[in-house]
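Asker: sequence first, predicted model second:
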Amino acid sequence: MTNALKAIPAYLSPARCTYTPEVIAPVSSLPSLDSTIRHLYVHVPFCPSICPYCDFHVLTRRAGLVEAYLERVETEAAELAARYDIDLDTVYLGGGTPSFLRDAEITALVGSVRRHLGWGKVENTLEINPGTVNPERAALWRGLGIDRASVGVQCLDDATLKFLGRTHDSAQAKAAVTTLIDAGFRVSGDLITAVPGQPLEADIAGLVALGVGHISAYTLTIEPGTEFARRGVTVEEDDERAGFERTEELLTAHGFDRYEISNYARPGQQSRHNLAYWGNRFYLGLGPGAAGHYPAAGEAELLGQRRTNPHLHEWLTGAEGEAQPIDAEEYVTDALFMGLRVQRGISLSDLTRRSGLDVESRYAKPIKANLARGLLALEGDTLRATPQGWWALNKVITDFLEG
């Protein structure tokens, strides 16, 4: 299977958010490799229930676990602050279901981040389950400095929501989005496509009508170890591709720009936090299972380090996570994998300057082969994935990894 929505590394797991366009550098320009870290992802692993398609590190809350989590967050935030130069533009509270935290708990979590790491100057995002929203809670979240809501709508059809194991219904989803917009949030709606029997056209029309400025649309995938996998649920590749293509047709007709494989935005509403990932920028990972991209700590032969925290119970003990050093070739393939997700593509001259490798020469073979297949396009020195290349992006990147 070469679907670009499959086999994404954990550290590329997309978060959804928005930004004001005047503060964003062109997507084709890779970030400076200075040591300042400007983005933070905080993982909140607790959920009211586990969806049958979910393979993230999540669990239901038990007595004492949230309290222990908050204590460890305070400690880890202080450790990160002591280790790195940090000047945050974005903060993203993901999960799990961060909005499932009680009012005092989310207040404590935000307080720990602010005390030790600061707060995002551009945007601060909270992932939200529709069933956790009311006007009072929305006002609390805004008062904490959160200005962006990523809402797990998934679908606006009650039968499909039941199949997906969601605990909210269509009416709750619509009410949640309306409440958050009224409270002053910039709102993104998540949508799952290629679900058997799903009324996709009605889902998209309904979500657009609610007034969201950004939509993240992902095809349903059945991952090993999930409840759907144990039940033998399957999704045909033809259905995945049909949903993938029909979603673009419908959302572009509604005035949304498909600026990344799975993300669509109205003008000025593209995802700033995701652009940090897709631009191969440094970011902090705080919490159990959280991934981060860090400077190389003075090691001349390396351009950075990826580190993934252990799961909750091990993380609570202070255990170190997995670390992956990044040399020049790994930096380039990471940057290509992420940058080719974005419609504007990636500048090969910028990538050469950042990595120290002559990228166009070093990767001439896979570039030429994928240009010939129609999976990539080269305009000037900007390399882009074509629509066909987006669907087959994993295969394209495998070609680069094999040289």
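Answerer: Good, I have the coordinates.

Asker: next one: the top helix by length along the chain to chain centre, how far?
Answerer: Longest helix of the chain, by residue count under DSSP state H: helix 65-83. Its chain's average C-alpha position is 22 Å from that of helix 65-83, according to Cα atoms, centre = their mean, to the nearest Å.

Asker: relative orientation of the helix or strand following it and helix 65-83 in degrees?
Answerer: Using DSSP states H and E, the next helix or strand after helix 65-83 towards the C-terminus is strand 85-95. Orientation check (axes from the mean of the first three to the mean of the last three Cα atoms, to 10 degrees): strand 85-95 against helix 65-83 gives 160 degrees.

Asker: and the contacts of strand 85-95?
Answerer: 15, 17, 19, 35-47, 56, 58, 80, 109, 113, 117-127, 146, 150, 272-273, 276, 284 (Cβ atoms under 8 Å, 6 or more residues apart in numbering). To be clear about C-beta, it is placed using only N, CA and C from the backbone, and glycine gets the same treatment.

Asker: let's see which of those end up in helices.
Answerer: For the contacts of strand 85-95, secondary structure assignment (DSSP H) places 80, 109, 113, 117, 272-273, 276 in helices.

Asker: closest one of the residues you listed to residue 383?
Answerer: Nearest to residue 383, judged by Cβ to Cβ, of the ones in helices among the contacts of strand 85-95 is residue 276 at 20.1 Å.

Asker: returning to that earlier point: buried ones among the contacts of strand 85-95?
Answerer: Buried members of the contacts of strand 85-95, counted by 16 or more other Cβ atoms under 10 Å: 15, 17, 19, 37-47, 56, 58, 80, 109, 113, 117, 120, 122-127, 146, 150, 272-273, 276, 284.

Asker: for the stretch 1-150 of the chain, give me the ranges with low pLDDT.
Answerer: For the stretch 1-150 of the chain, residues meeting the criterion pLDDT under 70 lie at 1-34.

Asker: which parts of the stretch 101-250 of the chain are helices?
Answerer: Remark: helices assigned in the stretch 101-250 of the chain by DSSP state H, counting those that start in this stretch are 103-117, 135-143, 158-163, 170-182, 200-209, 227-231, 237-253.

Asker: between the ones you listed, which one is nearest to residue 328?
Answerer: Minimum separation from residue 328 across the helices of the stretch 101-250 of the chain (Cβ to Cβ) falls at helix 103-117, 29.2 Å.

Asker: hmm, who's touching the closest one?
Answerer: For helix 103-117, the surrounding residues in contact (Cβ under 8 Å, 6+ apart) are 40, 42, 44, 66, 70, 73-74, 77-78, 80-81, 86, 88, 91, 93, 98-99, 101, 119, 137, 140-141, 144-146, 284, 286.

Asker: which stretches in the stretch 301-403 of the chain count as strands?
Answerer: Along the stretch 301-403 of the chain, counting by DSSP state E, counting those that start in this stretch, strands occupy 304-308, 322-326, 346-347, 376-379, 382-385.
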